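J.: I'll drop the sequence and a predicted model, then ask my questions.
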Amino acid sequence: LLHGVTLGSTGKLDDQGRRHPQVGSNVHIGASATILGPVRIGNGAVIGAKAIVTKDIEPGQTVVGTNRVLGDVGRAMKKTQEQPWIYEI
């Protein structure tokens, strides 16, 4: 966890009676990120600086902005043929 991270409740209970986030192992949470509600952040996920997370994040995924999942950190990237500087994740 970096500086200014918020792990908070939304007041809504999930099916197990939880209101706060559950964060897995080896998760990197960037500065000023906000994680709200009974969400689960999978092992090895990366949450970018100032990201807002209100949905479950699968293990190894990267999130930036508001619930925008970029992809799997461990998945190999490949270049597209039309534009070799753009990578598909």
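T.: Structure received.
J.: Tell me how many other residues crowd L13.
T.: Each residue near L13 was counted by other C-beta atoms under 10 Å, and the total is 12. Heads up, the C-betas are built off the backbone N, CA and C, glycines and all.
J.: What separation is there between it and V23?
T.: According to C-beta to C-beta, to the nearest Å, L13 and V23 sit 19 Å apart.
J.: And what about G11, helix, strand or coil?
T.: Classification of G11 into helix, strand or coil gives coil, according to DSSP: H, G, I helix; E, B strand; the rest coil.
J.: Quick check: pLDDT value at I86.
T.: As predicted, I86 sits at a pLDDT of 49.
J.: should've said P38
T.: P38 is assigned 93 on the pLDDT scale.
J.: Helix or strand: which one has the nearest residue to it once chain neighbours are set aside?
T.: Leaving out its chain neighbours, the residue that sits closest to P38 by C-beta to C-beta, 6 or more residues apart in numbering is D14, at 3.8 Å. In this structure, D14 is located outside every helix and strand according to DSSP states H and E.
J.: Tell me where the protein has helices.
T.: Counting by DSSP state H, the chain yields no residue ranges for helices.
J.: would you list every one of the strands in it?
T.: Using DSSP state E, the strands of the chain run over 6-8, 22-23, 28-29, 34-36, 40-41, 46-47, 52-53, 61-64, 68-72, 78-79, 87-88.
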